[in-house]
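Visitor: Curious how this folds, go ahead:
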Amino acid sequence: MLKVNLLEKHYQNVTAVNGLSFEVSPGEIFALLGPNGAGKSSLVKMLVGFTQPDSGSILLSDSSESYTSIPSHLLGYLPEDRGLYPEKTVKQNLEFFATLQGVSKSDFEERCAYWLDKFSLTSRVDEQLKALSKGNQQKVQLISAVLHQPKWVILDEPFSGLDPINQELVVQFLAELKQQGMTVILSAHQMAMVEKLADRVLLLNQGSAVIYGDLEDILLAKQAAVIHVRYTPDQPLGPLDNLNGQYTVELIKANQLLITLQKDQTLNELLPLLSEIGNVVELKNQSQTLHTIYLNAVASHNSESSNSAVLDEGKS
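Guide: Have a look, this model is predicted:
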């Protein structure tokens, strides 16, 4: 079990992590979400011991041992800044990282062959890494993180640079890590991928926890109404200013909108505004996704933070 309690990290005048508390249970896929600058990287650096918290605590319990960060012998890590050697072959890269983690020659050969086959890279094993596409290099990096069969795996943007087919391969990869008993902390921006995988979610914004809990519970609890609006094709839409001021609006195609209604908002109030924009040809209610929950939660938190800042200025 990993327990984080009231964790804080400051850089000069910036609070990167602000009183953060959460738990990660063994064997789960835990999604760490948030916009750029939300504090995810600062948190991960403390979890793996690269930096120390200014206050608060990290406690990892493993069998009879306790740690204040995830130690290297228990950790598989895909960092934000990738670290492979382009002049070396695929196998040389993997062998180097396996050796660093004390993997025996026989275990390396078996595990290397297994994962290369899973990622359709067996035929590329003796090629220099620089000859591979960025997507295939990413897959080699993922393999290097798990050859020593760590108990804890932290992956920073594992879907980055991958096409949809290879993203699905990574989904299968992560599901298999969980099946093998590894605990995965996953930092990603691809909400559809996260929704397929995650057991629990922590959404950060401005260093603070905005949403935290079981993904299934979050999806049920945050069921605001989401309206899919389709307008007459090939006719430009009018300004969205009135909508943007009151609703969460996403333009998904040139003539289609997704609009989220909060509990105090009604469709009767929305309809006249929709007609001002163009000729509505279809309205559909659809289930709220993690993507829309993410957008709404971040927007709401930003608004609350702005209002608090204004109030604080007024008091001073």
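
Visitor: Domains in this protein, by residue range?
Guide: For the chain, the domain assignment from automatic domain parsing gives the residue ranges 2-87+144-219, 224-286.

Visitor: Need the winner for burial among those.
Guide: domain 2-87+144-219 (a mean of 18; mean count of other Cβ atoms under 10 Å). C-beta: built from backbone N, CA, C; applies to glycine.

Visitor: returning to that earlier point: minimum distance to residue 298: which of the domains of the chain has it?
Guide: Taking Cβ to Cβ as the criterion, domain 2-87+144-219 is the member of the domains of the chain that comes nearest to residue 298, at 5.1 Å.

Visitor: what kind of secondary structure is residue 19 in?
Guide: Assigned state for residue 19: strand (three-state reduction, DSSP: H, G, I helix; E, B strand; the rest coil).

Visitor: show me what contacts the residue nearest in space to the middle of the chain?
Guide: Ranked by distance to the mean C-alpha position of the chain (Cα atoms, centre = their mean), the top residue is residue 188 at 2.4 Å. Listed by Cβ atoms under 8 Å, 6 or more residues apart in numbering, the contact set of residue 188 reads 31, 33, 155, 157-159, 194.

Visitor: and what of residue 251?
Guide: Taking Cβ under 8 Å, 6+ apart as the test, what residue 251 contacts is 240, 257.

Visitor: any idea how far residue 210 is from it?
Guide: Note on residue 251: its distance to residue 210, by Cβ to Cβ, to the nearest Å, is 24 Å.

Visitor: Do you know the pLDDT at residue 224?
Guide: At residue 224 the predicted local distance difference test score is 67.

Visitor: Adding distance to residue 120, write the domains of the chain out as CSV.
Guide: Conversion of the domains of the chain to CSV gives the following (distance: least, Cβ to Cβ, whole Å):
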stretch, distance to residue 120
domain 2-87+144-219, 8
domain 224-286, 32
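
Visitor: out of these, which comes closest to residue 106?
Guide: domain 2-87+144-219 (12.7 Å).

Visitor: Endpoints of the closest one, how far apart?
Guide: Length of domain 2-87+144-219, first residue to last, Cα to Cα, to the nearest Å: 24 Å.

Visitor: picking up where we left off before, mean pLDDT for the domains of the chain: which is lowest?
Guide: Sorting these by mean pLDDT places domain 224-286 lowest, at a mean of 86.

Visitor: So what's the gap between it and the chain middle?
Guide: Centroid separation between domain 224-286 and its chain, computed with Cα atoms, centre = their mean, to the nearest Å, is 28 Å.

Visitor: cool, stretch 210-228 as well?
Guide: Offset of stretch 210-228 from its chain centre (Cα atoms, centre = their mean): 16 Å.
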